[in-house]
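Trainee: My questions are about this predicted structure, shown below with the sequence.
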4 protein chains.
Amino acid sequence: MEGYRFSTDLAVRFAETDAQGIAHHASFVVWLEVARVAYLAEHAGGYQAIRDQGIEALTTEVHVHYHRAAYFDDRLRIWTRCVDLRGARFRYEYAVERLAETGVELVAAGHTLHAIVDAVTRRPTRVPPCFAEAVARAEAQSTS
Amino acid sequence: MEGYRFSTDLAVRFAETDAQGIAHHASFVVWLEVARVAYLAEHAGGYQAIRDQGIEALTTEVHVHYHRAAYFDDRLRIWTRCVDLRGARFRYEYAVERLAETGVELVAAGHTLHAIVDAVTRRPTRVPPCFAEAVARAEAQSTS
Amino acid sequence: MEGYRFSTDLAVRFAETDAQGIAHHASFVVWLEVARVAYLAEHAGGYQAIRDQGIEALTTEVHVHYHRAAYFDDRLRIWTRCVDLRGARFRYEYAVERLAETGVELVAAGHTLHAIVDAVTRRPTRVPPCFAEAVARAEAQSTS
Amino acid sequence: MEGYRFSTDLAVRFAETDAQGIAHHASFVVWLEVARVAYLAEHAGGYQAIRDQGIEALTTEVHVHYHRAAYFDDRLRIWTRCVDLRGARFRYEYAVERLAETGVELVAAGHTLHAIVDAVTRRPTRVPPCFAEAVARAEAQSTS
C-alpha cells in the first residue's frame, strides 16, 4: 500500500467474531497492537527491548474507521508506519486489508498515539534515541 | 457530568488488565459497547429489541482518548449520549470516570459512529422511528 | 443452589458472543474469575488485599463443563465456593445458572485450582491464615 | 511431541497478558481453538467447510492444566490431536510448549470435548463421514 513499507499478516480467530457473524470491532484494536509489536521486532529490537530500558509505551489515543466487515478466518494484512516522533510522543498509522482470492480490499484504517513513560515513576520521558533512529531509518526507506 | 444524563457503572476485571499493570486499552472499546447496551435497555427497549426488527447496528468508527490509566477493580462510570441521528447513521459520545474515595476523575473520553443495516441484505436502512424517538426523548431530557 | 452460599450475577456482553450466536466458551473462564474476585471481596477483604500481602494466586487448572449455550444479554448467576485449602493450594467450584423469566437453568459447571506464590520469587508459599480463616467462616456457613 | 503429529505455532500477544505479568489463563482456551482451526484447515478442508455443511461444532467441555506461566511474546507450539469420534461427539487433546533458546518446555496440557449439532435446529447430529475419515487418516499417521 502506498506510503507504507511494513506490514504483518494475521487470520481472524473464531473467538474474535461476535453474534453479528463478523469480527468484533474491538478485535481490530488488538490487531493494531499485534502490528506495532511486529513493527518493533523488525525495526527496533522488539517491544521487550524497549521495556527492558525501564520505559513503557502507553497508548493515549485509538482511532479506527471501519470500511468493511471482517469475517472468521479472513486473512488480513495490517500496513503500519510510525510517524511524528516528538519528545515523549509518537503516532502509528494503519491500513487493514483483506487478502481474498478475488483481490485485496480495504477493511479498516486508523491511528494510535503513544507516550513514553518511565516504568517506575510513570512520568513522561523522551523517546530513546535508538528507537527514534530505528524509526527514522525504517520510514526513510518507506518514502524513498 | 455536564451534558450527559445517562451513565452505567462497571468494575475493571482482572482479565482486562495487561502486563503494564493497567486495563488494556482495547478493554475500553468493549466497555463503550456495554454502555450502549445499557443505554438502549434504558431508553429504547434494548438492543435485542432492535435486532428483533431485522436490523443490525454496525460500528463504523471508534475513537478513544485515554487521559489516565485504569486499574484492576477500579469502579468506572461511563457517561453516554446518543447524538446526530441522520438517515441510517448515529453517533455516541462517552466520558469514562473513575469513582475513587479521593474523588472522581476523568479516565477516558471518546465517540463511536454507527450505521443501521438490514440484517439479511447488509444494506443501509433508516434508523427505526421508534429508536429515533426514544433517543430524542432521552437526549431532550439531558439538555433540559 | 444447594451446597453454595455465595453467588454473583452478570449479563453476557455482546463482545463475549461469537459467530455461532452464543457466548464464546472462553468467556466463561473470565466469568469464573469475576466470581472469584466477588467472593474475595465478600469474604476476604478483596483480591487486591491478598496481592498487597506480596503474594499472587496463580490458576493451575481450569475445568468447565458446558450444559447449555448462553446468549447475548442473558442474566447469569455464578454460584461459587472455595474448598480444599491445603498448604499453598485451594480449589474453587462453580455452577453457572441462567436467570430467565421461564425459570432458572444450569448453563455450566466447573472448577479451578490455584496455588499461592510469592509475588517476587514466584515460589509456592502457604495460603495466608487470614484467607484460610475467612474461607473457613464463609464455607462453614454454607453447609450449615 | 510423542503421540502428536500436528502442531501450530503462535506468539503471546500483549493484550493476552494480565497484571500478573503473564498470559491470562483464559487466553489458553482461545489458543486451543486457534489450534483446532489450524488442524481442520490441514486435515478436513477447514472449519468453514464444516460450517458450510449446515452443522456447528459446539464445545461441551474445556480442561486446561497449567504447568508454567507463559509471557508476552513467548513462542508457543500447540500440539493437537483429535480422538474418540463417536456419533455426534469427539475430543481434542493438546500440549502447549514454549520454544525458548534454552530449550523446549511444557507450559500447559488439556483437552476439549465437542458435539456436532445441526446449525438450524441445534440438535445433535452425527459427525460428517468426511470429517471422521479425515481425522482417521490424520491420526493413523500420528501413531505410525
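Mentor: Received, thanks. Everything numeric in this text was worked out from a predicted model, so none of it was measured. Residues are numbered from 1 along each chain as shown, chains lettered A, B, ... in the order given.
Trainee: Looking at strand pairing, list the partners for the closest residue to A:Phe90 other than its chain neighbours.
Mentor: Leaving aside its sequence neighbours, A:Phe90 sits nearest to A:His114 (CB to CB, 6 or more residues apart in numbering or on different chains; 5.5 Å). In short, each C-beta sits where N, CA and C put it, glycine included. Per DSSP bridges, the residues bridged to A:His114 are A:Thr59, A:Phe90.
Trainee: List, one by one, the residues from chain A near chain C.
Mentor: Residues of chain A that fall close to chain C, judged by CB under 8 Å from any CB of the partner chain: A:Phe14, A:Ala15, A:Thr17, A:Asp18, A:Ala19, A:Gly21, A:Ile22, A:His24, A:Ala26, A:Tyr71, A:Phe72.
Trainee: and the third one, what does it touch?
Mentor: Read that as A:Thr17. A:Ala23, A:His24, A:Tyr71, A:Phe72, C:Asp18, C:Ala19 (CB atoms under 8 Å, 6 or more residues apart in numbering or on different chains).
Trainee: was I right about the residue nearest to A:Phe90 contacting A:Ala57?
Mentor: Yes: under the criterion of CB atoms under 8 Å, A:His114 is in contact with A:Ala57, at a separation of 4.9 Å.
Trainee: so what sits against both of these two?
Mentor: Contacts common to A:His114 and A:Ala57, judged by CB under 8 Å, 6+ apart, are absent.
Trainee: still on that earlier bit, ok, the residues of chain A next to chain C vs D:Tyr39, which is closest?
Mentor: The nearest member of the residues of chain A next to chain C to D:Tyr39, counting by CB to CB, is A:Phe14 at 12.9 Å.
Trainee: can you count the residues close to that closest one?
Mentor: 20 (other CB atoms under 10 Å in any protein chain shown).
Trainee: Just the CA atoms of the host helix or strand of A:Val30, as PDB, please.
Mentor: Assigned by DSSP states H and E, A:Val30 belongs to helix A:25-43. Provided in PDB are the C-alpha atoms of helix A:25-43 (Å, rounded to 0.1, in the frame of the first residue of the first chain):
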ATOM      1  CA  HIS A  25     -14.800  -4.100  16.300                       C
ATOM      2  CA  ALA A  26     -12.600  -4.200  19.500                       C
ATOM      3  CA  SER A  27     -10.600  -7.000  17.900                       C
ATOM      4  CA  PHE A  28      -9.100  -4.500  15.500                       C
ATOM      5  CA  VAL A  29      -7.600  -2.600  18.400                       C
ATOM      6  CA  VAL A  30      -5.800  -5.700  19.500                       C
ATOM      7  CA  TRP A  31      -4.600  -6.400  15.900                       C
ATOM      8  CA  LEU A  32      -3.100  -2.900  15.700                       C
ATOM      9  CA  GLU A  33      -1.100  -3.700  18.800                       C
ATOM     10  CA  VAL A  34       0.000  -7.000  17.200                       C
ATOM     11  CA  ALA A  35       1.200  -4.900  14.200                       C
ATOM     12  CA  ARG A  36       3.100  -2.500  16.400                       C
ATOM     13  CA  VAL A  37       4.800  -5.400  18.100                       C
ATOM     14  CA  ALA A  38       5.800  -6.900  14.800                       C
ATOM     15  CA  TYR A  39       7.000  -3.500  13.600                       C
ATOM     16  CA  LEU A  40       9.200  -3.000  16.700                       C
ATOM     17  CA  ALA A  41      10.600  -6.600  16.200                       C
ATOM     18  CA  GLU A  42      11.500  -5.700  12.700                       C
ATOM     19  CA  HIS A  43      12.900  -2.200  13.200                       C
END
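Trainee: Perfect, that will be all.
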